[in-house]
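Peer 1: Build the 3D model from these lines:
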Amino acid sequence: MSAAPDHGLSATDVAQLTELYNGRFGQFGHDVKAVGWGSTESQQLRFAILCRGVSLAGARVLDVGCGLGDFVPWAESRFGADFDYVGLDLSGDLVQAARARFGTPRRRFLEGTLHSALEIGRFDVVVMSGTLTFRTSDNEGTMRAMLAQAFARCDGVVSANFLSCYVDYQLPKNHHFAPEQVFAYARTLTPYVTLYHDYPLHEFSVQVHRHPTA
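Peer 2: All right, here's what the predicted structure looks like:
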């Protein structure tokens, strides 16, 4: 059973991930553990790396796998409130909680996938933090499909993080990517790709740019 290449996730993947996150929210509530992070500090470091060299001021931002919407206050504290944001997540429970906390006309939260939410428009910045961490029926295919879908609707940069294969151990529930393979695929989308593997977490981040950054 493999993920459909245009969708990125199979129906079974969607159901399993939705159940996982709804269950975690029921267990942990409004806590970073509900979205799989060990601490607020590590979550915010991930946000900082994803936005390294990227300004959100005046931007249209899409947050794929937005969870509880924690990216919103972090981004506002660093870039100000002048950006339009859409948070997208599989878990209806997380979407409702995020909407209750941060929802405004410029801060929208939607339930769905990149493939199902075709009406959400185009963006300047797309971020995916932890979105591709858990094992699916076809992680490599999911990565390719989701990066391609995100880049197709992005006028600026897609920024995503991944667990790295350069670690001492791996948990069976997770998928660890080879940075060079993700970089090589991103280069099929654009010549302008940045890879960061220099921060103190067992992961790396890739920025896929529409235009050169220099």
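
Peer 1: What is the burial count for residue 75?
Peer 2: Residue 75 has 22 neighbours, counted by other Cβ atoms under 10 Å. All C-beta spots, glycine's among them, are computed from the backbone N, C-alpha and C.

Peer 1: residues in contact with it?
Peer 2: By Cβ atoms under 8 Å, 6 or more residues apart in numbering, the residues touching residue 75 are 47, 51, 56, 61, 83, 85.

Peer 1: what do you get if the cut-off is 7 Å, keeping everything else the same?
Peer 2: Residues near residue 75 by Cβ atoms under 7 Å, 6 or more residues apart in numbering: 56, 83.

Peer 1: host element of it?
Peer 2: Using DSSP states H and E, residue 75 maps to helix 71-79.

Peer 1: Tell me the strands beside the helix or strand that comes right after that helix, with direction?
Peer 2: Where DSSP H and E defines the elements, the next helix or strand beyond helix 71-79 is strand 84-89. Under the criterion DSSP bridges, strand 84-89 sits next to strand 60-64 (parallel), strand 107-111 (parallel) in its sheet.

Peer 1: tell me which strands and helices the helix or strand following the last one is in contact with?
Peer 2: Heading C-terminal from strand 107-111, the first helix or strand you meet, by DSSP H and E, is strand 123-128. Other helices and strands packing on strand 123-128, by 3 or more Cβ pairs under 7 Å, 6 or more residues apart in numbering; DSSP states H and E, are strand 60-64, strand 154-163.

Peer 1: mind giving me JSON lines with those and columns for mean neighbour count, distance to residue 32 and mean pLDDT?
Peer 2: Conversion of the helices and strands packed on strand 123-128 to JSON lines gives the following (neighbours: other Cβ atoms under 10 Å; distance: least, Cβ to Cβ, whole Å; pLDDT from 0 to 100):
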{"stretch": "strand 60-64", "mean neighbour count": "24", "distance to residue 32": "15", "mean pLDDT": "97"}
{"stretch": "strand 154-163", "mean neighbour count": "23", "distance to residue 32": "15", "mean pLDDT": "98"}
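
Peer 1: pLDDT weak spots in the chain?
Peer 2: 1-7, 117-118 (pLDDT under 70).

Peer 1: So which of the strands paired with strand 84-89 is nearest residue 89?
Peer 2: Comparison of the strands paired with strand 84-89 against residue 89 by Cβ to Cβ identifies strand 107-111 as nearest, at 6.5 Å.

Peer 1: who's in contact with that closest one?
Peer 2: 66, 69, 72, 85-89, 92, 95, 98-99, 103, 117, 120.

Peer 1: ok, now stretch 175-188?
Peer 2: Contacts for stretch 175-188 (Cβ under 7 Å, 6+ apart): 134-135, 139, 143-144, 147, 162-165, 167, 170, 193, 195, 197, 204, 206, 208.
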